[in-house]
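**Q** sequence and predicted model, in that order:
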Amino acid sequence: MSCDRNGLENNKREGMEKIELVFFPVCGAGHLFSTVELAKRIIDRDDRLSITVLCMQPPSSCGIDPYVESLAASIPAIRFIALPQVDPPSPEVYTSPEGFASLFIQSHKPHVRNALTQLISSCSGAGTVRVAGLVIDFFCTSMIDVANEFGIPSYLFFSSTAGLLGLMLHLPTLDTQIPTATEFKDADTELKFPTFVNPVSPFSLPKPIWNGNEDGYKWFLYHCRRFKETKGIIINTFDELESHAINSLSDGQTPKVYPVGPLLDLEGRSSHSLSHPTQYKEIMKWLDEQPPLSVVLLCFGSLGGFDKAQVKEIAIGLERSGHRFLWSLRQASKEKGMIMSGAYPNPEEVLPDGFLERTEGRGMIRGWVPQVKVLAHPAIGGSWPTQPSEGLYLTVDGTRHWRVCGMVYRWRHGPSMRSNI
């Protein structure tokens, strides 16, 4: 196998039939945004390509509807189909966020099947369009079965790093040596992975592997095993960032890998300015009033919710640091297994007493922030992000720098970095 930087295979022959690709992303904001950026890059290569995105309806609102509506109106080559709402899985059948997400996505099989049936039927009627593949997110591997029913190749879109991809591809092999989550937790030796330069502690691995929850580990392993059933893996990274990891994936044992990154929403279309214009103006006005390189952004994504004890620890650290900060503060779901976070109705109730008064003027807390616009603002000196790719949005005098505070959160992935603020 060889790694191809040029994206999906693209035949430019004269008279080639029009090609339709179907995307099925996770309903989290970050996953949808990167999926759309990939779709835009694909259709820019050839006007004979078109894309349909099948959109799951999340169990709770995540504020992406205005973004989808804006794209649908401006990019006709990308069509969005809202799938019917499905009920969340019963709490009796899962004990982990991974179990909840996997079962919730799996329950969309009938709707994906119906959507593909209608698409293929309409394409056959036209006689000039062919549905050429189903591109799935990495929690959506159960949809490989649906693609196989129609004889359509499936591709995996992996929105994280090549290092994590290699870890997940290697996990089934490692499972034969350390077969349970409990044993991972108790392992006292460092583990080797082909895409990692150095051995790592078990506690540096994604939390579902070592936290002792057998349900989470079972589902994590399930998806890892199914990756190799796809025809190819599209990954949001690039050679210059992860040369060792990408080269190590050229072992002939995995599907063909296509590094297509970095996929960045540089227009900021995904920002919540579309759905929260008042908050957007308040945030940008506040940043305009701050000195250059003085503000730390804390933003942990749509899954990054914290309980009261965690919020207090972060707040104490922010106060002691003395730095200016913009904090996207969200609470973890109170429902069992739910992984989507939401804004705190009253942040003052979970913050240390007097915190807002003591940090007034140098700190701002909101339930969500327009991340792309904020990271590109000259007042931002560093960020505490969920993914290393977010550092590419940071801008100083027109040059993008990696000024990120290395964050190891639930999935514990990405390179470790130091802040220069």
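**A** In hand now; what should we look at? Numbering: from 1, shown residues only.
**Q** doesn't residue 381 belong to a strand?
**A** Yes. Per DSSP: H, G, I helix; E, B strand; the rest coil, residue 381 lies within a strand segment.
**Q** from residue 103, how far out is it?
**A** To residue 103, residue 381 is 42 Å away according to Cβ to Cβ, to the nearest Å. Heads up, the C-betas are built off the backbone N, CA and C, glycines and all.
**Q** who's more crowded, these two?
**A** residue 381 (21 against 17; other Cβ atoms under 10 Å).
**Q** that one contacts residue 290, correct?
**A** No. When contacts are counted by Cβ atoms under 8 Å, residue 381 is not listed as touching residue 290 (9.4 Å).
**Q** distance from the chain centre to the lengthiest strand in the chain, please.
**A** Secondary structure of the chain per DSSP state E: the longest strand is strand 129-137. Its chain's C-alpha centre and that of strand 129-137 lie 20 Å apart, by Cα atoms, centre = their mean, to the nearest Å.
**Q** for the helix or strand just after it, which helices and strands make contact with it?
**A** The helix or strand immediately downstream of strand 129-137 is helix 144-149, counting by DSSP states H and E. Applying 3 or more Cβ pairs under 8 Å, 6 or more residues apart in numbering; DSSP states H and E, we find helix 144-149 packed against helix 109-126, strand 129-137, strand 154-158.
**Q** just the buried positions in helix 144-149, please.
**A** Neighbour counts over helix 144-149 (16 or more other Cβ atoms under 10 Å) mark 144, 146-147 as buried.
**Q** which residues are contacting that helix?
**A** The contact list for helix 144-149 (Cβ atoms under 8 Å, 6 or more residues apart in numbering) reads 109, 112-113, 116, 133-134, 136, 153-154, 226, 229-230.
**Q** what does stretch 105-117 give?
**A** Taking Cβ under 8 Å, 6+ apart as the rule, stretch 105-117 contacts 22, 24, 26, 52, 54, 56, 81, 83-84, 86-87, 89, 131, 134, 139-140, 142-143, 145-147, 149-150, 152.
**Q** stretch 243-250 too?
**A** 1-3, 161-163, 165-166, 169, 194-197, 237, 239, 257, 259.
**Q** need the contact list for the closest residue to residue 343 other than its chain neighbours.
**A** Excluding the flanking residues, the one nearest residue 343 by Cβ to Cβ, 6 or more residues apart in numbering is residue 367, at 2.7 Å. With contact taken as Cβ under 8 Å, 6+ apart, residue 367 is in contact with 328-330, 342-344.
**Q** distance of residue 367 from residue 374?
**A** From residue 367 to residue 374 the distance is 14 Å (Cβ to Cβ).
**Q** next: residue 130.
**A** Here residue 130 is placed at a distance of 42 Å from residue 374 (Cβ to Cβ).
**Q** now do residue 245
**A** From residue 245 across to residue 374, the span is 29 Å (Cβ to Cβ).
**Q** then residue 28?
**A** 19 Å.
**Q** one more: residue 44?
**A** As judged by Cβ to Cβ, residue 44 and residue 374 stand 26 Å apart.
**Q** picking up where we left off before, now go through the contacts of stretch 243-250 and say which are in strands.
**A** Within these, residues falling in strands by DSSP E are 257, 259.
**Q** buried subset of the contacts of stretch 243-250 as a PyMOL selection?
**A** Selecting only the buried entries of the contacts of stretch 243-250 in PyMOL, with 16+ other Cβ under 10 Å as the criterion:
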select buried, resi 3+161+162+163+165+166+169+194+195+196+237+257+259
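**Q** circling back to that earlier point, hmm, which of the contacts of residue 367 is lowest in pLDDT?
**A** Taken together, those show their lowest pLDDT at residue 342, with 63.
**Q** list the contacts for residue 20?
**A** 49-52, 119, 123, 129-132.
**Q** what's the most distant pair in these?
**A** Spanning the widest gap among the contacts of residue 20 are 49 and 119, at 14.5 Å by Cβ to Cβ.
**Q** show residues contacting the longest strand of the chain.
**A** Contacts for strand 129-137 (Cβ under 8 Å, 6+ apart): 8, 17-26, 31, 35, 38, 50, 116, 119-120, 123, 143-144, 146-147, 150, 152-157, 159, 230-231, 234.
**Q** tilt between it and strand 154-158?
**A** Angle between the axes of strand 129-137 and strand 154-158 is 40 degrees (criterion: axes from the mean of the first three to the mean of the last three Cα atoms, to 10 degrees).
**Q** give me the angle between strand 129-137 and helix 109-126.
**A** Interaxial angle, strand 129-137 versus helix 109-126 (the same axes, to 10 degrees): 160 degrees.
**Q** partners of strand 129-137, with directions?
**A** strand 18-24 (parallel), strand 154-158 (parallel) (DSSP bridges).
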